[in-house]
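J.: Sequence below, structure please.
(one chain, ligands or ions: 1)
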Amino acid sequence: MTTWLVTGGAGFIGGNFVLDAVARGIKIINLDVLTYAGNRDTLAAIAGDPGHVFVQGDIGDRALVAQLLDAHRPDAVLNFAAESHVDRSIDGPAAFVQTNVVGTLALLEAVRDYWKALPSGVKESFRFLHVSTDEVYGALGATGKFSETTAYAPNSPYSASKAASDHLVRAFHHTYGLPTLTTNCSNNYGPYHFPEKLIPLVIAKALAGEPLPVYGDGKQVRDWLFVSDHCAAIRTVLAKGRVGETYNVGGDAEMQNIDVVHAICALLDQRRPRADGVSRATQITYVADRPGHDRRYAIDASKLRNELGWAPQYTFAQGIAETVDWYLDNQAWVQRVLDGSYRLERIGASV
Ligand code: NAD
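T.: As a prediction, the model looks like this:
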């Protein structure tokens, strides 16, 4: 049976990835420290499944990681764990350096020790896959796209800490030969997204009849990718990627933030019209821009498409409709995040 150690598997992307992998019959050891962003409700469908072992712990705890590697002998380690919210990194960068840089280093060291001692045959096929972001490349003007050879130019404490972790992963390949893979993905959206990020925040506030905050002029451009397409890209890179390489992941779905908000309002107006019949777009409120807000990100994913044969399955229109429907159908999940009750079952969560 294939076994993967996944870190950060109670978060948005890691959670989607774990649910899918367990459904595919892969055994998952899920190491997550459960910050505010970690939510075991996301994993409710696989609670008690023998194919899923949840461990509450820190990627920076090298002894714990070593113990898990030794006990479960995974075929691969996939690192999703991170502090991930740009606004929080502006308020408090230290936690981002601690997890994304120091934590990733500790994880790499534990994994290197485990990999070095693997018997030949198994050792050659072992992989460490690091999940990263396109934000490491900085911002684009009106044209152009980020490729794997674009120079790193991170602009926020979040992206700077992710850039540092990418460099450590690269160094562990070049210095120690660790068989690493790195993916740099554009903005994700979809089910189980913590409602502090743009899309779930707008859905929640729209339904609550509250103002929909849009930073600055709302014309920041992001290249949106439905989360299941990202998960498929990660599986593809893990299976077929060339060791030591990085792969950009993106959906060719560039949208201005304001158009994303209008798309959500239009879907909600159809599916859950306001009692007064007024469009939810009237709730849009422009607020002061985020300091240092990157204007445009766009990904050239041709290496992943051409070399490894991955392609996104969702257009933005399909993905955003599915996302809005998921949030409408899963208001209990959202409510438990909004009222904080999702955090109450933490004590003794480790099994
Ligand atoms: P998230 O914030 O939703 O989840 C992060 C998870 O990591 C949480 O469950 C949290 O509890 C856990 N975690 C945090 N610190 C930890 C630690 N020290 N040890 C163990 N677990 C820890 O983030 P996400 O949006 O799911 O992103 C996952 C990864 O994908 C991140 O590395 C992020 O940089 C990257 N990424 C995200 C996006 C996006 O649009 N969300 C795009 C590209 C790349």
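J.: Which residues are in contact with whichever residue of the stretch 201-350 of the chain sits closest to the ligand?
T.: Residue nearest to the ligand within the stretch 201-350 of the chain: His230 (7.2 Å; C-beta to the nearest ligand atom). From N, CA and C alone the C-beta is placed, and that goes for glycine too. By C-beta atoms under 8 Å, 6 or more residues apart in numbering, the contact list for His230 reads 13, 185, 188, 249.
J.: can I get those in JSON lines with secondary structure?
T.: Output for the contacts of His230, formatted as JSON lines (DSSP: H, G, I helix; E, B strand; the rest coil):
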{"residue": "Ile13", "secondary structure": "helix"}
{"residue": "Cys185", "secondary structure": "strand"}
{"residue": "Asn188", "secondary structure": "strand"}
{"residue": "Val249", "secondary structure": "strand"}
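J.: Out of the residues you listed, flag the one nearest to Ile90.
T.: Asn188 (20.5 Å; C-beta to C-beta).
J.: Quick check on the residue nearest to that closest one when sequence neighbours are not counted: phi, psi?
T.: In space, and not counting its chain neighbours, Asn188 is closest to Val227: 4.8 Å by C-beta to C-beta, 6 or more residues apart in numbering. Dihedral pair for Val227: phi -60, psi -30, per degrees, to the nearest 10.
J.: Is there a neighbour count for the residue in the chain positioned nearest to the ligand? I'd like the number.
T.: When scored by C-beta to the nearest ligand atom, the chain has Gly11 as its residue closest to the ligand, at 2.0 Å. The number of residues packed near Gly11 is 25, by other C-beta atoms under 10 Å.
J.: you'd agree it is up against Gly38?
T.: Yes - between Gly11 and Gly38 there is a contact under C-beta atoms under 8 Å: 5.8 Å.
J.: between the two, what contacts are shared?
T.: With C-beta under 8 Å, 6+ apart as the test, Gly11 and Gly38 both reach Asp32.
J.: so how many other residues sit close to the nearest residue to Gln331 once chain neighbours are set aside?
T.: Excluding its sequence neighbours, the residue lying closest to Gln331 (C-beta to C-beta, 6+ apart) is Leu207, at 8.0 Å. By the criterion of other C-beta under 10 Å, Leu207 has 16 neighbours.
J.: Need the pLDDT of Leu207.
T.: Listed pLDDT for Leu207 reads 96.
J.: if we can go back for a sec, read off the pLDDT value for the residue of the chain closest to the ligand.
T.: 98.
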